[in-house]
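S.K.: Give the three-dimensional model of this entry:
(one chain, ligands or ions: 1)
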Amino acid sequence: MRYLNITGIILKKHNTGEQDQYVTIFSPTLGKIDARARGARKINSSFIGHLEILNICDFQLYKNQNHFTITQCQIRKSYKNIRETLNQSMLSFHLLEIFLKIAQSEENGDELFDLIAQTLEKIDQNQKNQLHIETFKIKMLDIAGALPNISRCGNCDIRWNQESMIHIDEEGHISCFDCSSGNQTLIPFNTMKLIHFIQQSPFDQIEKIAMNQQDKTILKKVMAIFLHNYISSELKTEKFIAHLHE
Ligand SMILES: [Zn+2]
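M.R.: From the prediction side, this is the model:
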């Protein structure tokens, strides 16, 4: 039995008992945990307004075996603009759904936490939303070790150049013209270059990227293939954001 101090983001919550809530938190040090907030639904609870999804908070937790109880909670960051705008909140819930499926343990916890916090910061500013959403997917899969090698044919290992005919199949295998077979989509070299650049670069560099509508469409399509092959279950938020544009 002991007390712990952590910083974490609230990903999910649900009611339990008569007045309590269960909150799913991701913190760099503990990974994803569920913690109980006793009396959180009481009208005079000190948790009211603090335990909201997307909030980044400093928590004091009490740990008893594998059960966590929240004893204190202080908001560090609340994404005001996201909360006030339907489009931005829908995009953020999409990010959270992906994050919940991929981020589990504290392994790479710092990187994962920075990624979700920085991406939400960008969505809060409401600029280049689609670029930041796709960046999030690329970096999430990269951290999980699930992003295929972007710069070569997955079969014969040939390196891409401007002339390459790059194919991707439904399972996310990337191949050159000679190695490809069956039902495949052609991807422009520039899209592969873009994914590679995003994978390697910090946010302040990525922010400068300008994408036209075609870049956006192809990047989105390729990332959807990679993501679905890794997650292998439907994303509930996907149909809600399908019609959203920047
Ligand atoms: Zn090949």
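S.K.: drop to CA atoms for contacts and neighbour counts, all remaining ones
M.R.: OK.
S.K.: Residues contacting the longest strand along the chain, please?
M.R.: In the chain, taking DSSP state E as the definition, the longest strand is strand 2-16. Strand 2-16 is contacted from outside by 21-29, 51-64, 96, 100, 113, using C-alpha atoms under 8 Å, 6 or more residues apart in numbering.
S.K.: any idea how far the longest helix along the chain is from the chain center?
M.R.: Across the chain, the helix with the greatest residue count (assigned by DSSP state H) is helix 213-231. Between the centre of helix 213-231 and the centre of its chain there are 14 Å (C-alpha atoms, centre = their mean, to the nearest Å).
S.K.: What residues of it count as buried?
M.R.: Neighbour counts over helix 213-231 (16 or more other C-alpha atoms under 10 Å) mark 215, 219-220, 222-227, 230 as buried.
S.K.: Beyond it, next helix or strand please.
M.R.: Moving toward the C-terminus from helix 213-231, the next helix or strand (DSSP states H and E) is helix 238-241.
S.K.: what comes into contact with that next one?
M.R.: 87, 90-91, 94.
S.K.: Show me the strands in this structure, by range?
M.R.: Using DSSP E, the strands found in the chain span residues 2-16, 20-27, 31-37, 56-64, 67-77, 166-169, 174-175, 184-187.
S.K.: still on that earlier bit, can you list the buried residues of helix 213-231 in TSV and add pLDDT?
M.R.: As requested, those are exported to TSV (pLDDT from 0 to 100):
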residue	pLDDT
Asp215	91
Leu219	95
Lys220	93
Val222	95
Met223	95
Ala224	93
Ile225	93
Phe226	94
Leu227	94
Tyr230	93
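S.K.: winner for burial among the strands of the chain?
M.R.: Comparing the strands of the chain by mean neighbour count (mean count of other C-alpha atoms under 10 Å), strand 174-175 comes out on top with a mean of 25.
S.K.: Sheet partners, orientation included, of it?
M.R.: Partner strands and pairing direction for strand 174-175 (DSSP bridges) are strand 166-169 (antiparallel).
S.K.: Point out the residues in this protein that sit beside the ion.
M.R.: The chain comes close to the ion at residues 153, 155-156, 176, 179, as judged by C-alpha under 5 Å from the ion.
S.K.: from these, which is closest to Arg38?
M.R.: Relative to Arg38, the closest of the residues of the chain next to the ion is Cys153; by C-alpha to C-alpha it sits at 54.1 Å.
S.K.: Show me how this structure divides into domains.
M.R.: Domain assignment for the chain by automatic domain parsing gives 2-77, 81-241.
S.K.: Let me see the contact set for Leu61.
M.R.: With C-alpha under 8 Å, 6+ apart, Leu61 has these contacts: 3-6, 68-72.
S.K.: From the residues you listed, pick the one nearest Lys193.
M.R.: Nearest to Lys193 among the contacts of Leu61, with distances taken as C-alpha to C-alpha, is Ile6, at 38.1 Å.
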